[in-house]
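A.B. asks: Got a predicted structure plus its sequence, pasted below:
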Amino acid sequence: MKNLFFILAITASFHLYANECKPGKTLIASCNFSGKAIRAAVFCANEKNGTIRYTFSKGSTSELNVNFDTQNKLKR
């Protein structure tokens, strides 16, 4: 029974985070921040044009969108 619950929880969370990227994009990383407002940081990759998009959102509103490509490289 515990295994079934674990599998269902993992499957549900995977679908929840996969919806943060637009169709045709691949979710690389996602992080939800605690607090009164629901905030999230998401990295999505577009394999067709080799770009990565970073989005920081508060609720359903995007506050910051950054595209990374060969000209604007993602750095640590």
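C.D. replies: Received, thanks.
A.B. asks: Need phi/psi at the closest residue to residue 70 other than its chain neighbours.
C.D. replies: Once flanking residues are discounted, residue 70 sits nearest to residue 50: 7.0 Å by CB to CB, 6 or more residues apart in numbering. Using the backbone N, CA and C atoms, a C-beta is placed for each residue, glycine as well. Residue 50 has phi and psi values of phi 70, psi 30 when expressed as degrees, to the nearest 10.
A.B. asks: Tell me, what's the model's pLDDT at residue 50?
C.D. replies: pLDDT recorded at residue 50 is 90.
A.B. asks: Ok, the one 10 residues further on next?
C.D. replies: Reported pLDDT at residue 60 in the predicted model: 82.
A.B. asks: Please determine how far it is located from residue 47.
C.D. replies: Distance from residue 60 to residue 47, counting by CB to CB, to the nearest Å: 26 Å.
A.B. asks: and residue 61, what are its bridge partners?
C.D. replies: Using DSSP bridges, the beta-bridge partners of residue 61 come out as residue 58.
A.B. asks: still on that earlier bit, what is the burial count for the residue nearest to residue 70?
C.D. replies: For residue 50, the neighbour count with other CB atoms under 10 Å is 10.
A.B. asks: Thought residue 67 was touching it, still the case?
C.D. replies: No - if you go by CB atoms under 8 Å, residue 50 and residue 67 don't touch, sitting 10.9 Å apart.
A.B. asks: Now do the SS call for the nearest residue to residue 62 once chain neighbours are set aside.
C.D. replies: Using CB to CB, 6+ apart and skipping the chain neighbours, the partner closest in space to residue 62 is residue 55 (5.5 Å). What DSSP: H, G, I helix; E, B strand; the rest coil gives for residue 55 is strand.
A.B. asks: dump the residue contacts of residue 55.
C.D. replies: Residues in contact with residue 55, defined by CB atoms under 8 Å, 6 or more residues apart in numbering, are 20, 41-42, 44, 62, 64-66.
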